[in-house]
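# Could you work out the structure for the sequence below:
(chains A, B and C)
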Amino acid sequence: MAAVDLPLPGAGARPGAGPGVIAVDVGGAYSLRVFDAGLACCGVEVAAALRRSTALAVAGEGRGRTAPLNVFVVAGTVTDKLAPFVLRAFQDTPQPRRVLSFGACANSGGPYWDSYCVTKGVDQFIPVDVYVPGCPPRPEALLEGLALVLGSPGEPR
Amino acid sequence: MTGAAPGGGPPARSRGVIALLEENCTACMLCARECPDWCIYIESHKEPVPGHEYGGATDPAHAPAGRGRQRVRNVLDRFAIDFSLCMYCGICVEACPYDALFWSPEFSYAETDITALTHEQGRLREWMWTVPPPPPYDEGAPPPREVRGHIP
Amino acid sequence: MTPEEIIATVTGGLPPAVRCEADYHGVMLRVPAGHWLAALMFARERLDCDFFDWLTAVDEAGEGFSVVAHVYSLTGRHHVLVGTLLPRSAPRLPTATGIYQGAAWHERETHEMFGVGFDGHPHPAPLLLSAGFEGHPLRKDFVLAARAAKEWPGAKEPGERDVPQARRRLPPPGVPEGWRPS
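Prediction:
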């Protein structure tokens, strides 16, 4: 079986800095920086999607951004114990930033909606711009979600 | 990933979204009861079946003994699946006795508003047009019993 | 060691109050609570079980809590389960961290999930539950409040709008009859 080359936090990331940062270059018209909080199984699908980032075909108008858009992807179940750290990681995400909730657990608690320790959706404490449904969503669904993020207005100023 | 068609795209039997064929649904509530996420919302009411006022007979004098009452049927008012909760387990598709729910491989329905992830009847019917035909039977398999002419 | 050898060693080395059972998994020692540490020490030293795998509790509805530890011998390649039964009113055991250091986190989790106390534990702080959580979630009488709070879509009858309400409604799965959040 071929070894899988998963993206690692790039040079310049401080140890323990938080989620890995992957730069996604989309043909020069716009670029995204994806901060993946891969909390559970959905994190594997995000890693699979971002490996193929050079093949990202984004439908929608390019915005000609000069600064990259920072997308904070929450992929996986958010437990009540972990929620403050997810919030910290979101607050550390530099502007301009968007939040993409990936998978049923991050959207609404998903299969663990009735659990005693699961936060029912990451939108309970951070503002979410795009929700990608699935359990887990396909890697292609993340790329479609990122396309939707590019058109989203972001947090109200 | 595994089994993807050459050139990309999900395999035909992958679980992307659930489609509803409303004509087959009798509002029996089995899918809503079996769903582990409680994400299927059904509302229905009863309506009399025209032409069956007396259990099939046209006047009370000829009604079958003990069964001369108005036939009623369930009419679906609302059938919604909340895909923000759905875990794509397929229990509803398997539990449905009337084959009203189908898997479709479509996966691009991300939204900016979480309430838009609850798909109502109209949208669930739209997914029906993306449901692939069932896979062919294996060689040597017995013929399907539900096809006319095959029942011995 | 084969199961027969283990049983023979146990019968020779531990008091008769310790019962030994063997099945295709391995050997299970059922010990009274007073012999808990002695049995673990015996497993470590006489049965060569140097690898501590897990410790957890089972809520045996009528009888109390049974606490089970799974230890393994890397040289002999045999599994041993050590189990004891604690009364529901006072579930306390001495800590096993003196024998197996790896039991520390398992005992913390068992304490917060079942309410089983481990005397002498070096750091009995909550492990997985958030601060301020009340109750012991893995006890059988702990109800998942979300199931009582959310209206069960399956409670409706087919053709509900026109069905008289006299029929008794099905309770949602997982919520005991008449339970209300306190």
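
# Restricting to C-alpha, output the longest strand along chain A in CSV.
Using DSSP state E, we find that the single longest strand of chain A is strand A:30-38. Taking Å, rounded to 0.1, in the frame of the first residue of the first chain, the C-alpha atoms of strand A:30-38 are listed here in CSV:
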residue,chain,number,x,y,z
TYR,A,30,-7.9,34.1,-5.1
SER,A,31,-6.2,32.0,-2.5
LEU,A,32,-7.4,30.4,0.7
ARG,A,33,-5.6,29.4,3.8
VAL,A,34,-7.4,26.5,5.5
PHE,A,35,-7.0,26.1,9.2
ASP,A,36,-8.4,22.6,9.9
ALA,A,37,-9.6,21.7,13.4
GLY,A,38,-9.7,18.0,12.6
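
# Adjacent strands (with direction) for that strand?
Sheet pairing here is set by DSSP bridges, and for strand A:30-38 it gives strand A:20-26 (antiparallel), strand A:69-75 (parallel).

# ok, residue C:47 touching residue C:9?
Yes. Counting by Cβ atoms under 8 Å, residue C:47 touches residue C:9, with 6.4 Å between them. C-beta: built from backbone N, CA, C; applies to glycine.

# For those two, indicate the residue with more neighbours.
When neighbours are counted by other Cβ atoms under 10 Å in any protein chain shown, residue C:47 and residue C:9 differ, and residue C:47 comes out ahead with 23 against 17.

# if you skip the residues just before and after it, what's nearest to residue C:172?
Closest residue in space to residue C:172, ignoring its immediate chain neighbours: residue C:152 at 3.6 Å, by Cβ to Cβ, 6 or more residues apart in numbering or on different chains.

# contacting residues for that neighbour?
Neighbouring residues of residue C:152 by Cβ atoms under 8 Å, 6 or more residues apart in numbering or on different chains: B:38, C:170, C:172, C:173.

# Mind checking what secondary structure the first one has?
Following DSSP: H, G, I helix; E, B strand; the rest coil, residue B:38 is assigned to coil.

# That one: neighbouring residues, count only.
As a burial measure, the neighbour count of residue B:38 was computed by other Cβ under 10 Å and equals 22.

# which non-adjacent residue is nearest it?
Among residues not flanking residue B:38 along the chain, residue C:153 sits closest, at 5.6 Å (Cβ to Cβ, 6+ apart).

# and the longest helix for chain A?
helix A:139-150 (DSSP state H).

# and that helix, does that touch chain B?
Yes. Helix A:139-150 reaches chain B (Cβ under 8 Å from any Cβ of the partner chain) through A:139, A:140, A:141, A:144, A:145, A:148.

# Would you mind measuring from the residue nearest to residue C:172 to residue C:9?
Counting by Cβ to Cβ, to the nearest Å, the gap between residue C:152 and residue C:9 amounts to 54 Å.

# And for residue B:146?
With Cβ to Cβ as the criterion, residue B:146 and residue C:9 are 63 Å apart.
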